[in-house]
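Q: Need a 3D model of the following:
(2 chains)
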Amino acid sequence: MPRVLTRAPGRWTLTSVGVRVRRPSALPGPASFGAGAGLRSRWPEVLLGLGVVLAILGPVLGRGYLLRYDLVFVPDPPFGATVWGSGSELPRAVPSELLAVGLSRLLPADVAEKLLLAGCLASAAVGAARLTPVLHPMARVAAGLGYVWNPWVYGRLHLGQWAILAGYAALPWAYAWAAGVVRRWPGPPAPGRNAAVGGGLAIVLGGPAMVLAAVLTCAPALALARQWRAFVAGTATLLGLTAPWLLALVSRTAPLDVDEQGVAAFAARADTPLGVLGSVVTLGGVWSRNAVPFGRDQWPVAVLALALAAAAGWGFVMLRSRWPAALWWGLLAGAVAGTMIALLPTVPIGERAMEWLLGHLPLAGAVRDGTRLLAPLALLQAVGLGVLVEAMVVAGARAVAAVVSVAPVLLVPGLAWGLAGQLDTVRYPAEWGAVRAVVNADPVGGRLVSLPWSSFRAYGWAGNVPVLDPAPRAFRRVVVGDQDVFVGHQRVRGESRAAEQVAAVLAAPGDPVPALRRLGVRYVLVQTDQPGAAEIMGRFSTVEPLRRGETLTLLRLSQLASVPGETSTSNVPVVGYLVLGGTLIIALLDPAKRRRRMLLSGHLFGRDHQ
Amino acid sequence: MKASFNPLLTAIVAAAVGAVLGILAVSLGTSYVTSTTPVKVDQPLIVYGER
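A: Numbering: from 1, shown residues only, chains lettered A, B, ... in the order given. As a prediction, this is how the structure comes out:
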């Protein structure tokens, strides 16, 4: 019979074996669960959240920007085309960029960047700890650590995918909402309805991949529990939250063409000697070999990681008697489905299926990096780890429990202290501000082309770490730059029609200026500290630079041609964000106003309760 | 408890399902499998990552 800690008035009791564990400062009852009492009862999660942030981001919490791979923040960012998703590429930064820019208008952008990263890490740890139905502080810490300290988080942090991390952090809260529906809100330590909804709504920041992860996880649980009203409410909420990028996606005038090469390029790979399956099961398998924690290619580390995954799986099996069947099976179904999708492109038939899907449903391009869908598996393992640790504590094996609790850290030590020193803060050269001021103050429309023609930059002042070109985020007008990315020497084409047109102009011999003018290009920004800058500058010898600095040269192509659709203002992004805002307001309405909120919360006079 | 018919909820759900189907239809309609050769531009090679 499973042995569990349960709460009795004034003490915690080990039910099935009759051993009583007195805890004088135990959780307060619901009536006394105020802010102070809540903080006292939640000290393990609070400390865990703070500790994780300090341990991972400690060296970069000072002023300055983190610039690496997909992580691009710029000073005083405008609400430009990137925010609205009005470019001709997939609206990947919608709606996360709105939050980033909005926060950067309230705070210095570098502070906002660190705040968002810290929030992601802390929210992930706390969310997993509170979702796990355990009471012992060590078990809660184990669950939180298991979720936030693993190769998956290392890979995303390495690649600078803060929005994906935000979606990952929201998943435990989203599942806590589903758990609350199924379990009728059992009270602390599980998150309350408001906390679960508030935290879970952030899933939309992670884009289609993380929304799909939430659907894979929550939908089976609600369906198995026959909570149809909550199921429908959750669906409507997700549709409302994803309205900005759904509308941005369908409102484009040009067809969307997603390169099938990306399926193989971003497929899961073996980053341990255990093969692809073993790597994925241990929450690794990220496509980039550079985003793999140190030591995972060594047998001992790989075997220990597999043992930890197995132990966590065993803990999840033990949870079967403690969670309602719908919840247990729901999370299991989500984890299995996510893992299958992650593994799909690694087999020939799966790769072909994904390529076919990309050809017919461009939205699938957002999930071609399938390892993102390992998030439900990470949650399953974290919950299982917490249950296992509590079982060990109950069994008296506290020392072993303590080791298991910190095992995630021991297996991925490279995550600590700014990815073992890889993260660093930098400041933009002053001329970036000067150029931005000139261009953003220009009331005349027209595009800006960022050169040399490369989607990634490697700045000497930023440690030469590859980083997405900051120009699209720095200027209010539409910035056209290369959208192709190189995975090794394999080029994965971007989806932007505008970029294709500019690339064709640049590929043609002769003076590109007349053709660029015809494409509605008003400015050309040449980043002269980048490889290939001298050659590209030579192509614009007929244009007098508007501004020439050490690393940036700004050219203005004086005669602007009109481009159909370019200057017309579209209301589609505004409509999308209005729907998003309305959904947020309805979902976060005061719980007392049940009639009003029932549409999006799924709770109306307990009708769903079976 | 017996569930009751809620016309407002039904309308919203119908609209939501319709929106999803519409989006899928538009997405399918506007997509195509390309057979065009990508434009070759001389460009510096800064890789996103190595497999």
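Q: Where does A:Val94 sit: helix, strand or coil?
A: coil (DSSP: H, G, I helix; E, B strand; the rest coil).
Q: can I assume it is in contact with A:Trp84?
A: Yes. Contact between A:Val94 and A:Trp84 holds when scored by C-beta atoms under 8 Å: they sit 7.3 Å apart. Bear in mind the C-beta positions are built from the backbone N, C-alpha and C, glycine included.
Q: what residue ranges in chain B score low on pLDDT?
A: Within chain B, the stretches with pLDDT under 70 are B:1-14, B:16-17, B:20-44.
Q: please redo it, this time with the cut-off set to 50
A: Applying pLDDT under 50 to chain B flags the ranges B:1-3, B:30-38.
Q: And the pLDDT at the closest residue to A:Gly576 other than its chain neighbours?
A: Sequence neighbours aside, A:Pro244 is the residue nearest to A:Gly576 in space, at 3.6 Å (criterion: C-beta to C-beta, 6 or more residues apart in numbering or on different chains). A:Pro244 carries a pLDDT score of 88 in this model.
Q: Now the common contact residues for A:Val94 and A:Trp84.
A: Residues touching both A:Val94 and A:Trp84 by C-beta atoms under 8 Å, 6 or more residues apart in numbering or on different chains: A:Ala248.
Q: Those two: which is more packed in?
A: Each of A:Val94 and A:Trp84 has its neighbours counted (other C-beta atoms under 10 Å in any protein chain shown); A:Val94 has more, 29 against 22.
Q: residues contacting that one?
A: Residues near A:Val94 by C-beta under 8 Å, 6+ apart: A:Val83, A:Trp84, A:Gly85, A:Pro244, A:Trp245, A:Ala248, A:Gly576.
Q: mind listing which of the residues you listed are in strands?
A: Using DSSP state E, no member of those falls within strands.
Q: nearest to A:Leu98, of those?
A: The closest of the contacts of A:Val94 to A:Leu98 turns out to be A:Val83 (C-beta to C-beta; 5.2 Å).
Q: which residues touch the closest one?
A: Here A:Val83 is in contact with A:Ala93, A:Val94, A:Glu97, A:Leu98, A:Val101, A:Pro573 (C-beta under 8 Å, 6+ apart).
Q: same thing but at 10 Å, please
A: A:77, A:91, A:93-102, A:244, A:473, A:476, A:573, A:577 (C-beta atoms under 10 Å, 6 or more residues apart in numbering or on different chains).
Q: Mark which of these are buried, thanks.
A: Buried subset of the contacts of A:Val83 (neighbour count, 16 or more other C-beta atoms under 10 Å in any protein chain shown): A:77, A:91, A:93-101, A:244, A:473, A:476, A:573, A:577.
Q: out of the contacts of A:Val94, which are inside helices?
A: Counting by DSSP state H, the contacts of A:Val94 place A:Val83, A:Trp84, A:Pro244, A:Trp245, A:Ala248, A:Gly576 in helices.
Q: pLDDT score for the first one?
A: Note on A:Val83: pLDDT of 86.
Q: A:Phe475: how many residues sit nearby?
A: Number of residues near A:Phe475 (other C-beta under 10 Å) recorded here: 25.
Q: quick one, what contacts the residue of the stretch 51-200 of chain A found nearest chain B?
A: In the stretch 51-200 of chain A, the residue that lies nearest chain B is A:Tyr69 (7.1 Å; C-beta to the nearest C-beta). Shown in contact with A:Tyr69 (C-beta under 10 Å, 6+ apart): A:156-161, A:288, A:290-291, A:456, A:465-468, B:48-49.
Q: The residues you listed in strands, which ones?
A: When these are checked against strands (DSSP E), the matches are A:Phe456, A:Pro466, A:Val467, A:Leu468.
Q: lowest average confidence, helix or strand, in chain A?
A: Across the helices and strands of chain A, mean confidence by mean pLDDT, DSSP states H and E is lowest for strand A:20-21: a mean of 39.
Q: follow-up on the earlier one: can I get the ones in strands among the contacts of A:Tyr69 in JSON lines with neighbour count, pLDDT and distance to chain B?
A: Below are the ones in strands among the contacts of A:Tyr69 laid out as JSON lines (neighbours: other C-beta atoms under 10 Å in any protein chain shown; pLDDT from 0 to 100; distance: C-beta to the nearest C-beta, whole Å):
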{"residue": "A:Phe456", "neighbour count": "22", "pLDDT": "95", "distance to chain B": "4"}
{"residue": "A:Pro466", "neighbour count": "24", "pLDDT": "95", "distance to chain B": "5"}
{"residue": "A:Val467", "neighbour count": "23", "pLDDT": "96", "distance to chain B": "9"}
{"residue": "A:Leu468", "neighbour count": "20", "pLDDT": "96", "distance to chain B": "9"}
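Q: how would you label the closest residue in space to A:Ala508 that isn't next to it in sequence: helix, strand or coil?
A: Closest residue in space to A:Ala508, ignoring its immediate chain neighbours: A:Ala515 at 7.3 Å, by C-beta to C-beta, 6+ apart. Counting by three-state DSSP, the backbone at A:Ala515 sits in helix.
Q: doesn't A:Leu506 make contact with A:Ala515?
A: Yes. If you go by C-beta atoms under 10 Å, A:Ala515 and A:Leu506 touch, sitting 9.0 Å apart.
Q: Between those two, tell me which one has more neighbours.
A: The residue with more neighbours, out of A:Ala515 and A:Leu506, is A:Leu506; 21 against 16, by other C-beta under 10 Å.
Q: May I have the secondary structure class of the more buried one?
A: Three-state assignment for A:Leu506 (three-state DSSP): helix.
Q: Run a quick neighbour tally on residue 51.
A: Since no chain was named, I'll use chain A. For A:Gly51, using other C-beta under 10 Å, the count is 15.
Q: my question was about chain B
A: 15.
Q: Next up, the contacts around it.
A: A:264-267, A:269, A:286-290, A:487-488, A:490.
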